[in-house]
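Undergrad: No letters, just coordinates:
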């Protein structure tokens, strides 16, 4: 009755079909939920043992175990919400961890370039072009939205989640908002840098500017991908 | 008792089952059946996502164990889980006392002339 080929010790074909159906309904590549499937398999084997001890022959015991575990769509739906929350949590933690670093590189760029050296004070706002000032304000708004959504994401996926009504879409929504907020902040930063290069390139310090641009470009790419994954997983939740 | 009836209390029930000591998923389900006198009968497969949610919330800790030749994920309460269980108990006592009091047949109203 044992299936060969690494599907798991002792699970029969009916159990493996049931597990494959659940795995098919989970987001991401099979290796991402190998642990979930392994845990369910060991539970199904335990259930099969229990039904055999109660007197059923092996094949019937496996079918009884499958019946007892319930509709694969329902089991998968429960895990989808969990996988979504886990993904959302990783995304917002990554955004919160990298945000200050990328921000510092931009501050260093601004401080070491003409922004900081002209007109005495470190932040001579009045002497800047209106476009740059508006741009910096927009970046600040994008950073604010990102931070707010990321903190919300942390709160709804951690210990606080116990005190909140269960709404599976909340965490991936917050993470997607945070992700696209980061994309906006990084994109705006790069746009401002490009306009500065085009108009007043001689006043930029090249090394901090290059480092900030590289950091923002990397983060933009990764945040965009992560936000899209969050949206995709959000769409699969009911 | 179906899943809908238990909604909102499943977390507390799972924590209570883990209070005496660590258990794996299927043992949790069996303990749930025994302790409820067979009244709690959820689809076993739905207990696993609930356990993962408790783990993410920091109320239980899970480790893989290979005792008896089968790899199982074993769950145990964390200190936060014990505190959550205490508060679930208090909430449930207050709630059930209030509902019991209200659901009791009221004494007949004696209309005064």
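TA: Sure, I can see it. Computed from a predicted model, the values in this text were never measured in an experiment.
Undergrad: touching chain A at all, whichever strand or helix holds residue B:98?
TA: Here residue B:98 sits within helix B:79-103, counting by DSSP states H and E. Yes - using C-beta under 8 Å from any C-beta of the partner chain, helix B:79-103 reaches chain A at B:80, B:84. The C-beta positions use only the backbone N, C-alpha and C, and glycine is treated the same way.
Undergrad: Please state the offset of that helix from the chain centre?
TA: Taking C-alpha atoms, centre = their mean, to the nearest Å, the mean C-alpha location of helix B:79-103 is offset from the chain mean by 11 Å.
Undergrad: Equivalent analysis for stretch A:15-27, please.
TA: 23 Å.
Undergrad: Can you list the buried residues in that stretch?
TA: If you call a residue buried by 16 or more other C-beta atoms under 10 Å in any protein chain shown, then stretch A:15-27 has these buried ones: A:15, A:16, A:18, A:19, A:22, A:23, A:25, A:26, A:27.
Undergrad: State the helix or strand in which the third one lies.
TA: Under the criterion of DSSP H and E, residue A:18 resides in helix A:13-24.
Undergrad: what's in contact with that helix?
TA: Residues outside helix A:13-24 that contact it (C-beta atoms under 8 Å, 6 or more residues apart in numbering or on different chains): A:1, A:3, A:7-8, A:11, A:30, A:33, A:37, A:40-41, A:44-45, A:48, A:59, A:62-63, A:65-66, A:69, A:72, A:75-76, A:79, B:45.
Undergrad: How about stretch B:90-106?
TA: With contact meaning C-beta under 8 Å, 6+ apart, stretch B:90-106 is reached by B:9, B:12.
Undergrad: Which other helices and strands does the helix or strand harbouring residue A:95 contact?
TA: Assessed by DSSP H and E, residue A:95 sits inside helix A:72-112. The helices and strands touching helix A:72-112, judged by 3 or more C-beta pairs under 8 Å, 6 or more residues apart in numbering or on different chains; DSSP states H and E, are helix A:13-24, helix A:130-157, helix A:170-200, helix A:206-235, helix B:44-56.
Undergrad: Three-state assignment for the residue in chain A sticking out farthest from the centre, please.
TA: Ranking residues of chain A by C-alpha distance from their mean position (C-alpha atoms, centre = their mean) puts residue A:55 at the top, at 47.2 Å. Following DSSP: H, G, I helix; E, B strand; the rest coil, the label given to residue A:55 is coil.
Undergrad: any idea of the pLDDT on it?
TA: Residue A:55 carries a pLDDT value of 92.
Undergrad: Would you mind getting the angle between the helix holding residue A:18 and helix B:44-56?
TA: Note on geometry: by axes from the mean of the first three to the mean of the last three C-alpha atoms, to 10 degrees, helix A:13-24 and helix B:44-56 are set 50 degrees apart in direction.
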